[in-house]
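J.: Build me a model from this:
(one chain, ligands or ions: 1)
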Amino acid sequence: MQKLKEAARIIQFADFAIALTGAGISVESGIPAFRGAQGLWQKYDPFEYAHIEAFVHHPAKVWEMLRELDLIMQKARPNPAHLVLAAWERENYLKAIITQNVDNLHQAAGSKNVIEFHGNAFRLRCLKCDRIYARDEIDLTQSVPLCPCGGLLKPDVVFFGENIPIEALLEAKAAVNACDVMLVVGTSAEVAPANTFPWEAKKHGAKIIEININPTVLTEEVTDIFLEGRASEVLTQLAQLL
Ligand code: APR
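T.: Have a look, this model is predicted:
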């Protein structure tokens, strides 16, 4: 309880608190994480299904996984963890969320300043003419959804082998540089460059509060307060202390 109270005090008196979120925050909304026992990468080899080269050369195969994920995301709703972060933005405790998730759940929960570091699966982009479509505009039952221009349509998310969208990168770096508190919620911190942000924040003196069901590579090295538990539970407890 002591750690919860200390974390709540840090958040309460922060000048510029931000959150870095990963798949773990959406597990309680029914979306599997990527790593760990039930992780998506246990079922699908990321280099065969989540690398841009795999998508370009075997689009029908990759779309099989993408359609499965799309069905799950269509059914998913924000859980209390997303709702608490959205409330903290309204109450001016939280200035921004950098999310690695593409499930749109922070936005659905009401968060406004969401930096979509790995894109958003509710948009599709044409690899030929670069036109963007809302997911609902496209019939995903086709084995390989195509743009009217004939180009391949891909969810507007960052595959392995692709760059982070420059706007998201610049916005994220600005938020990291400005923060004096970083909440790191539900990420294994195994994927760059998102996983460098807690280190960068720590370097300029920010307090790092990590919420996860397991310790991560950050916990010993960079985390100031590690709150072990499910994101919805821990964030709800913190919200009651603010
Ligand atoms: N509450 C809090 N944390 C949780 C919960 C939960 N209910 N369930 C799982 N976790 C934690 C796990 O312990 C793990 O540390 O969430 C983390 C999920 O890690 P990953 O599956 O690696 O997800 P993430 O860190 O977001 O992956 C980063 O990798 O595959 C790419 O682009 C993909 O954005 C993704 C990136």
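J.: okay, the closest residue to the ligand within the chain: pLDDT?
T.: Nearest to the ligand in the chain, going by CB to the nearest ligand atom, is G24, at a distance of 2.2 Å. Bear in mind the C-beta positions are built from the backbone N, C-alpha and C, glycine included. With respect to pLDDT, G24 scores 98.
J.: Following element in sequence after the strand ranked longest in the chain, please.
T.: The longest strand of the chain (DSSP state E) is strand 119-126. Next along the chain after strand 119-126, taking DSSP states H and E as the criterion, comes strand 132-134.
J.: Now do the same for that next one: mean pLDDT, whole number.
T.: The pLDDT scores in strand 132-134 average 98.
J.: Spell out which residues of this structure are next to the ligand.
T.: Counting by CB under 6 Å from any ligand atom, the chain comes close to the ligand at 22-24, 27-28, 33-36, 39, 100, 118, 186-188, 190-191, 211-214, 216, 230-231.
J.: Would you mark the buried spots in stretch 216-235?
T.: 216, 218-219, 222-227, 230-232, 234-235 (16 or more other CB atoms under 10 Å).
J.: how long is that stretch end to end?
T.: End-to-end distance for stretch 216-235, by CA to CA, to the nearest Å: 18 Å.
J.: that older thread, ok, the longest strand of the chain: who's next to it in the sheet?
T.: strand 132-134 (antiparallel), strand 153-157 (antiparallel) (DSSP bridges).
J.: most tightly surrounded among the ones you listed?
T.: strand 153-157 (a mean of 22; mean count of other CB atoms under 10 Å).
J.: Using PDB, write out the CA atom coordinates for that strand.
T.: What follows is strand 153-157, C-alpha atoms only, in PDB (Å, rounded to 0.1, in the frame of the first residue of the first chain):
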ATOM      1  CA  LEU A 153      -4.200  -2.400 -48.600                       C
ATOM      2  CA  LYS A 154      -2.400  -2.800 -45.200                       C
ATOM      3  CA  PRO A 155      -3.600  -1.900 -41.700                       C
ATOM      4  CA  ASP A 156      -2.000   1.500 -40.900                       C
ATOM      5  CA  VAL A 157       0.200  -0.100 -38.300                       C
END
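J.: The following helix or strand past it packs against which elements?
T.: Downstream of strand 153-157, the next assigned helix or strand under DSSP H and E is helix 166-178. Packing contacts for helix 166-178, counted by 3 or more CB pairs under 8 Å, 6 or more residues apart in numbering; DSSP states H and E, involve strand 17-21, strand 94-99, strand 114-116, helix 197-203.
J.: okay, these, which one's buried deepest?
T.: Ranked by mean neighbour count under mean count of other CB under 10 Å, the helices and strands packed on helix 166-178 are led by strand 17-21, which reaches a mean of 27.
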